[in-house]
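1. Take a look and give me a structure for this.
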Amino acid sequence: MALSTPNYRPDIDGLRAIAVISVILFHIDKALIPGGFVGVDIFFVISGYLISLHILKDLGRERFSLVQFYRRRIKRIVPAMLVVVGVTLLLTQLIFLPEDAEATADSALWSLFSSANIYFWLHQDTSYFAAASNEKPLLHLWSLGVEEQFYIFWPLILMLVFKLNRSKLIFISTLLVAVFSFLLGEAVFTSDPMFVYYMLPTRAGELLVGALASQIVLKRKSIPYQIANLIACLGSILIGYSFLTLSEEGIFPGLRAIPPTIGAAMLIIAGHYRNTWPNQLLKIRPLVWVGLISYSAYLWHWPLLAFLRYGRFELGISEEIIILLLTLVLAWFSYRFIECPARLSTRPALDIFFQQYAIPTVILSLVALTAMKIDGYGIRWLSKDYKTTLASIRDATKPAYEYDYVCQRQKISSVDLNNENCIVGDKNSIKPAAVLWGDSNAAHYIGMLSIFAQEQKFSFRNVEIGSCPPLLSDPENFVATKRLIACRDSLQLVKQNLNDFPVVILSANYPDYQARSESFLKTFFDTVKELTNQGKLVIIIGKVPIINTYDRTCNEKALSFPLIECKEKPVRLSELVSSINNQLSEFAHSTPNVKYFDITEYLCPGNQCSAFDKTGASLYYDEGHLNLSGSWKIGKDILLRSGVPAAFTVINQWSNSAKLSTMEN
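-> Predicted coordinates:
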């Protein structure tokens, strides 16, 4: 059942199909199409084009009605969205962990009022240990928020311009605002990447590229076939280039959003004038069919994937194909039985507003507010056993950063560097002999190091900066753009305070930084040499084994999520971790005043690594971090088995020698 008009363009539905398929494949497996996320930007161009074309035509004929415009938007967007929100909201209240169910209810509430993008800008946790964003079932509705906010402002702006009889300035002003939007994304990304990604001011450029395309086709009556074909081919190349070369690592949107959006606009413009061969390809029936159901496909695919990932279901090739097919089946049912009846309704605007938006929104809002009021427990709030069991599981796997004596921060302040709580170890030590410096991969060793320090009668200060390597040089090549300023400022403060410590203990997520730039280890070694040249003893602690199969929340989820399998099998020590640790060890053994230690032999007997001890108790927080209780256990186990490792037995001696040298000078 296709809904068409005399001016219907099947090639635009074909372009919608390309956009939605790219997005779905990217979300299923990023390796399939690295730049597939730009499908959303192609959707924005199409929306900007069709909306602007309709408004400008009606304004030119003096028959544009704002009420009828919003009536059509409600019929087109709202019913299917409300169904997806309602189903997702109810399911999460039954099977998600309470805080995740509550967060979903919160995001649902914002989504109902066209503000999902604002919610995720303000409230999405992007810290290192944050829950995976691909498990948030309504995250994808941010794009609807952007579009719906555009629909509020853009018709009013066009009406005002026409009322002032300044239609000749529309194109120039639209172009300037679009350029400003792309440049704003570039300028603001470092300070607020979430704003850039989610908010209308930095996304408006993509919608306005579509608006520019609509103005071009209204002004120019025709172009030669050869020119149209060239435009279409260039547009296809730009889109294909974006799919294959763009990634989430750099600034986006911004200037990198220009190629896919311009490419989409070129295909739309060329198809308006001529039946070019790229536009003919977009008209093939399977693509047009997918294009017709693309909105529902976009709505359903993300919650489906989020639920599967939340439940730890493995996604192999066969599972990925099933997910794609299931998405298309759900999308067809949604299109056939929700979208089409809603869009075919001939009821007046007020009836449409109440029946298709206001009444169901009030009902879903009450459900969401109730869920938030009972902290996302749903019917589980009645069960004391559920709460008690959940709390017990969580206490056993708390991460380092949840303890007040662990001074892990996203940005270090001078207060942190003078905080007495950040000194751990032997309580009788007058002054800390060492400083533990690094990122979260240093923080999770605090329990183990405290055992050694108590045995050896020394204390140490800990200072850890999230996703920021312990370097005396600039970290730019090794950290994400959004973390660079905080990392730089924190490192500068730490460097100013290193003179207080004769011993420096270092640890970091070496593989991650090395993956960003192969020069990391060399840069890290240069920092170590500089510290030893200052007369310090440097102790390097290696990377813990990575247990990719570990999920600390599995036993929590299993309390209410059906069919979850939480049994963990030991895994082989990864070559990546082994190689990194070997390089660290070799450097330490060949460099004066440098010691090395790692706990691989304690976690990987027979080269088989486990996140659990012999009693079945968890030692890990996530796949690459110990929980702090596990850190203490490992320290005690090492002490019982072999005593304090040699690297840490010399700390007091080195500290006393440094004090004596200072007194003599």
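2. what's in contact with the strand or helix carrying Ser578?
-> Per DSSP states H and E, Ser578 falls inside helix 575-590. Here helix 575-590 makes contact (C-beta atoms under 8 Å, 6 or more residues apart in numbering) with 510-511, 514, 521, 525, 528, 540, 542-546, 594-596, 598, 600. Backbone N, C-alpha and C define where each C-beta goes, glycine included.
3. Now it - C-alpha only, PDB.
-> The C-alpha trace of helix 575-590 is given here as PDB (Å, rounded to 0.1, in the frame of the first residue of the first chain):
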ATOM      1  CA  GLU A 575      48.500 -10.900  21.900                       C
ATOM      2  CA  LEU A 576      47.800  -7.200  22.200                       C
ATOM      3  CA  VAL A 577      48.100  -7.100  26.000                       C
ATOM      4  CA  SER A 578      51.000  -9.600  25.900                       C
ATOM      5  CA  SER A 579      52.900  -7.600  23.400                       C
ATOM      6  CA  ILE A 580      52.400  -4.300  25.200                       C
ATOM      7  CA  ASN A 581      53.400  -5.700  28.600                       C
ATOM      8  CA  ASN A 582      56.500  -7.400  27.100                       C
ATOM      9  CA  GLN A 583      57.700  -4.100  25.600                       C
ATOM     10  CA  LEU A 584      57.100  -2.300  29.000                       C
ATOM     11  CA  SER A 585      59.100  -5.100  30.800                       C
ATOM     12  CA  GLU A 586      62.000  -5.000  28.300                       C
ATOM     13  CA  PHE A 587      62.200  -1.200  28.600                       C
ATOM     14  CA  ALA A 588      62.200  -1.300  32.400                       C
ATOM     15  CA  HIS A 589      64.900  -4.000  32.600                       C
ATOM     16  CA  SER A 590      67.100  -2.100  30.300                       C
END
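4. Summarise which helices and strands the next helix or strand after it is packed against.
-> Later in the chain than helix 575-590, the nearest helix or strand by DSSP H and E is strand 594-597. Judged by 3 or more C-beta pairs under 8 Å, 6 or more residues apart in numbering; DSSP states H and E, strand 594-597 is in contact with strand 537-541, helix 575-590, helix 646-649.
5. Who does strand 594-597 pair with, and is each partner parallel or antiparallel?
-> Neighbouring strands of strand 594-597 in its sheet, by DSSP bridges, are strand 537-541 (parallel).
6. what mean pLDDT does whichever helix or strand comes after the strand it pairs with have?
-> Using DSSP H and E, the helix or strand that follows strand 537-541 in sequence is helix 554-557. Here helix 554-557 scores 89 as its mean pLDDT.
7. now the helix or strand where Val528 lies against helix 575-590, angle please.
-> Here Val528 sits within helix 520-533, counting by DSSP H and E. Relative orientation of helix 520-533 and helix 575-590, computed by axes from the mean of the first three to the mean of the last three C-alpha atoms, to 10 degrees: 30 degrees.
8. Nearest residue to the middle of the chain?
-> Ser133 (5.0 Å; C-alpha atoms, centre = their mean).
9. wait, what's in contact with the closest residue in space to it that isn't next to it in sequence?
-> Setting aside the residues directly before and after it, Ser133 is nearest to Leu139 in space (C-beta to C-beta, 6 or more residues apart in numbering), at 6.0 Å. For Leu139, the contact set (C-beta under 8 Å, 6+ apart) comprises Ser107, Phe120, Gln124, Ser133, Trp302, Ala306.
10. any idea how far Leu139 is from Thr104?
-> For Leu139, the distance to Thr104 equals 10 Å [C-beta to C-beta, to the nearest Å].
11. Please apply the same query to Tyr405.
-> Counting by C-beta to C-beta, the separation of Tyr405 from Thr104 is 33 Å.
12. Between these two, point out the one with more neighbours.
-> Thr104 (27 against 15; other C-beta atoms under 10 Å).
13. What score does Arg394 have for pLDDT?
-> 88.
14. just Asn165 next, same as before
-> Listed pLDDT for Asn165 reads 71.
15. I'd like to know how far it sits from Leu59.
-> Per C-beta to C-beta, Asn165 is found 11 Å from Leu59.
16. These two - which one has more neighbours?
-> More crowded of Asn165 and Leu59, by other C-beta under 10 Å: Leu59, with 17 against 7.
17. does the more buried one really touch Lys163, like I thought?
-> No. Applying C-beta atoms under 8 Å, one finds Leu59 not in contact with Lys163, separated by 9.3 Å.
18. partners of the strand ranked longest in the chain in the sheet?
-> Using DSSP state E, we find that the single longest strand of the chain is strand 459-465. Strand 459-465 has the following sheet partners, assigned by DSSP bridges: strand 408-409 (parallel), strand 423-425 (antiparallel), strand 434-438 (parallel).
19. Glu102 is in contact with Ala368, correct?
-> No. When contacts are counted by C-beta under 8 Å, Ala368 is not listed as touching Glu102 (9.5 Å).
20. was I right about Phe524 contacting Ser507?
-> No. Here Phe524 lies out of contact with Ser507, judged by C-beta under 8 Å, at a distance of 10.9 Å.
21. overlap in contacts of these two?
-> Pro470.
22. How about residues contacting the longest strand of the chain?
-> Under C-beta under 8 Å, 6+ apart, the answer for strand 459-465 is 405-412, 416-417, 422-427, 429, 431-440, 442-443, 446, 449, 453, 486-487, 490-491, 494, 501, 503, 505.
23. Tell me the buried residues within those residues.
-> Listed as buried from the contacts of strand 459-465 are 406-412, 416-417, 422-426, 429, 432-440, 442-443, 446, 449, 453, 486-487, 490-491, 494, 501, 503, 505; burial here means 16 or more other C-beta atoms under 10 Å.
24. Any stretches of this structure with poor pLDDT?
-> Filtered on pLDDT under 70, the chain yields the residue ranges 1-6, 125-131, 166-167, 376, 378-382, 658-665.
25. quick one, domains of it?
-> As recorded under automatic domain parsing, the domains making up the chain are 10-377, 400-659.
26. I'd like the distance from the last one to the chain centre, please.
-> By that I understand domain 400-659. Computed by C-alpha atoms, centre = their mean, to the nearest Å, the separation of domain 400-659 from the middle of its chain amounts to 25 Å.
27. can you tell me how far Gly535 sits from Val503?
-> Distance from Gly535 to Val503, by C-beta to C-beta: 11 Å.
28. Revised request: answer the last question for Val23.
-> Remark: distance between Val23 and Val503 (C-beta to C-beta) = 51 Å.
29. repeat for Val528
-> To Val503, Val528 is 13 Å away according to C-beta to C-beta.
30. Now the common contact residues for the two.
-> By C-beta under 8 Å, 6+ apart, the residues touching both Val528 and Val503 are Val538.
31. Run a quick neighbour tally on Ala257.
-> Residues lying near Ala257 (other C-beta under 10 Å) number 25.
32. tell me the contacts of it?
-> By C-beta under 8 Å, 6+ apart, the residues touching Ala257 are Val38, Asp41, Phe182, Gly185, Gly205, Glu206.
33. which one of these is nearest Val571?
-> In terms of C-beta to C-beta, no member of these lies closer to Val571 than Val38, at 35.1 Å.
34. and the closest one, what is it in contact with?
-> The contact partners of Val38, taken as C-beta under 8 Å, 6+ apart, are Ser22, Ile239, Ser242, Phe243, Leu246, Ala257, Pro260.
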